[in-house]
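# 3D, please:
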Amino acid sequence: MPELPEVEVVRRGLARWVTGTTVTDVEVRHPRPVRRHLAGAGDFAARLRGVTVTDAVRRGKFLWLTLDSGEALLAHLGMSGQLVLQPPDAPDETHLRVRLALDGAGSDRELRELRFVDQRMFGGLAVVPLAPTPDGLPGGRGALGEPVLPVPVVHIARDVLDPDLDDAALAARLRRKRTGLKRALLDQQLVSGIGNIYADEALWRARLHYARPTETLTRPAVTAVLAATRDVMNEALAAGGTSFDSLYVDVNGSSGYFERSLAVYGQEGRPCPRCGTPIRRDPFMNRSSFTCPTCQRRPRNAHW
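Predicted coordinates for the structure are as follows:
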């Protein structure tokens, strides 16, 4: 599933090429990707025709286009969703689900289509109302207008790349959680956008075990894990994200290559880049956690 860096790569592409464009037509080719738009595919299309995109915003893994109608086009990429910009005469993708015709896309003002392509159809699009942010600050990365959020995203916390994230308040909440550190990092109502891959990479960099009880964290430890998370996210952004197959691409159809830089995730049995100890894999929440047994010693009072 795309994580924060992958979604941010897509957001940046949309901000460059889609902001200021007007939706001239909408085609919903399969109803499932608009299932969260409860009024149906016809209403979804009607609410988008004629509206202009004012900005592209992201909070955690949620991405939306703010519209001059006072609503937002909310997108969640799910397991395999892609938002791809194409010229109108480009062949249809095999798993094309929704097509938006855009007038005046990008600085060259060419006509383009924004296509939602989703093989597995766990992702989706919906036109949703906006609500004020709980803290009165901008909704997320890329927000240029009023401090608002799509209603379905109001409960989602800010992420580590959000300039308005309060590190001190997050550290205090983290230490009050009384759970394992990785579980806390994956809690989207505590801090958003961190998934399995980047949690493992950040914890390795901070030399902390995923089962470390959050209530035992010192302030330097919290500072270290937040700094490590930001570092790994920014490096992944610079590499275009992490693409293990062709399912994740940016708006131009290009894959990221940060998987080449992963230190522990998916590296079971390979030597730790820091000390040479073979990387260990443990079952974790129906997934896996990858650690270095030497650099990240398991605490005696571990929380799962």
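# wait, residue 295 sits on residue 204?
Yes: between residue 295 and residue 204 there is a contact at 6.7 Å, judged by C-beta atoms under 8 Å. Every C-beta, even on glycine, is put in place using the N, C-alpha and C of the backbone.
# Spit out the contact partners of the residue nearest the centre of the chain.
Nearest to the geometric centre of the chain sits residue 61, at 2.5 Å (C-alpha atoms, centre = their mean). Each residue near residue 61 by C-beta atoms under 8 Å, 6 or more residues apart in numbering is listed here: 1-4, 7, 76-77, 188, 192-193, 195.
# can you put those in CSV and add neighbour count?
Supplementary listing: these in CSV, determined by neighbours: other C-beta atoms under 10 Å:
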residue, neighbour count
1, 18
2, 27
3, 22
4, 26
7, 27
76, 21
77, 24
188, 17
192, 24
193, 28
195, 20
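# which ones among those are found in strands?
residue 76 (DSSP state E).
# Name the member of the contacts of residue 61 with the shortest distance to residue 147.
Taking C-beta to C-beta as the measure, residue 147 lies nearest residue 192 of those, at 16.9 Å.
# Tell me how far the closest one lies from residue 157.
In this structure, residue 192 and residue 157 are 5 Å apart, going by C-beta to C-beta, to the nearest Å.
# count of neighbours near residue 104?
15 (other C-beta atoms under 10 Å).
# With residue 131 instead?
Using other C-beta under 10 Å, residue 131 is surrounded by 14 other residues.
# ok, for it, nearest residue in space, not its chain neighbours?
Of all residues beyond its chain neighbours, the one nearest residue 131 is residue 151 (5.0 Å), with distances taken as C-beta to C-beta, 6 or more residues apart in numbering.
# contacting residues for the one you found?
128-131.
# What is the nearest of the residues you listed to residue 271?
residue 128 (47.5 Å).
# got the contact list for the closest one?
Contacts of residue 128 (C-beta under 8 Å, 6+ apart): 37, 64, 71-72, 74, 150-152.
# Of those, which is the most crowded?
Busiest of those [other C-beta under 10 Å] is residue 64, holding 31 neighbours.
# That one and residue 137, how far apart?
In this view, residue 64 and residue 137 are 16 Å apart by C-beta to C-beta.
# Would you mind measuring from the residue nearest to the centre of the chain to residue 188?
8 Å.
# One more: residue 25?
Residue 25 sits 34 Å away from residue 188, going by C-beta to C-beta.
# Now do the phi/psi pair for residue 64.
Here is the backbone geometry of residue 64 (degrees, to the nearest 10): phi -150, psi 150.
# and stretch 60-80, how far apart are its ends?
17 Å (C-alpha to C-alpha, to the nearest Å).
# and it, how far out from the chain's middle?
11 Å (C-alpha atoms, centre = their mean, to the nearest Å).
# what about it, average pLDDT?
Mean per-residue pLDDT for stretch 60-80: 93.
# Stretch 286-298 now?
95.
# Pull the distance from that stretch to the chain's centre.
Distance, centroid of stretch 286-298 to centroid of chain: 24 Å (C-alpha atoms, centre = their mean).
# quick one: buried residues of that stretch?
Going by neighbour count (16 or more other C-beta atoms under 10 Å), the buried part of stretch 286-298 is 289-292, 295-296.
# what do you get for stretch 125-133?
125-128, 130, 133.
# What about those, which are in strands?
Using DSSP E, the buried residues of stretch 125-133 in strands are 125-128, 130.
# among these, which two are most distant?
Longest span within these, C-beta to C-beta: 125 and 130, 15.8 Å.
# so which strand or helix has residue 236?
Under the criterion of DSSP states H and E, residue 236 resides in helix 219-238.
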